[in-house]
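> A structural model of the following input is requested.
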Amino acid sequence: MADPYYQYHVFFCTNLRENGMPCCGTKGAQELRDYAKQRVKALESSLSGKMRVNSAGCLDRCAKGPVLVIYPEGVWYTYTNREDIDEIIEEHLVRGRVLERLTICVSSGGRKDSSFYRSHAPGVGTMAKGQGNS
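Residues are numbered from 1 along each chain as shown. Next up is the predicted model:
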């Protein structure tokens with residue numbers, strides 16, 4: 001299998017609902033996505049692979065928002081401020097570790113289970129330059 005073009009691809013839900021229902025767009029998602037993009041760009045030279053930060057339409061996690069998802073692992077996070085974004089970038093994108101404190105449940109069981117991410121995120125722990133499996 002060919003290497004992925006991006007080692008990490010981060011999607012921020014920035015959807016803004018017209019009907020006044022809860023959504024990521026009313027919780028500062030666009031501003032924090034822009035901040036994350038700028039931070040990742042500043043770190044590019046210290047990272048081993050290409051990363052991309054994109055806006056996405058509704059990711060259907062409105063009640064848990066704002067949310068982002070990082071691929072290829074498919075790890076979902078919620079966040080509220082720049083400090084949360086910095087922590088997600090440092091732990092997940094730089095160190096390759098799932099930041100359990102901010103993960104959200106996406107399994108059908110309704111429970112937050114970090115073992116789901118460990119078993120479904122084989123690349124976590126191997127992406128950062130100069131970092132081994134953590």
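
> So what does residue 92 look like in phi/psi?
Here is the backbone geometry of residue 92 (degrees, to the nearest 10): phi -80, psi -50.

> Neighbours of the closest residue to residue 7 other than its chain neighbours, how many?
Leaving out its chain neighbours, the residue that sits closest to residue 7 by Cβ to Cβ, 6 or more residues apart in numbering is residue 49, at 3.2 Å. (Each C-beta comes from the backbone N, C-alpha and C, glycine too.) Using other Cβ atoms under 10 Å, residue 49 has 15 neighbouring residues.

> Residue 38 versus residue 49, what's the distance?
Going from residue 49 to residue 38 by Cβ to Cβ, to the nearest Å gives 19 Å.

> Residue 27 now?
Distance, residue 27 to residue 38, by Cβ to Cβ: 19 Å.

> could you pull out the helices for this structure?
Using DSSP state H, the helices of the chain run over 29-43, 82-88, 114-120.

> now residue 85: how far from residue 57?
Distance of residue 85 to residue 57, given as Cβ to Cβ: 20 Å.

> Same drill for the two, tell me which one is more crowded.
Looking at residue 85 and residue 57 with other Cβ under 10 Å, you find the greater number of neighbours at residue 85, namely 21 against 11.
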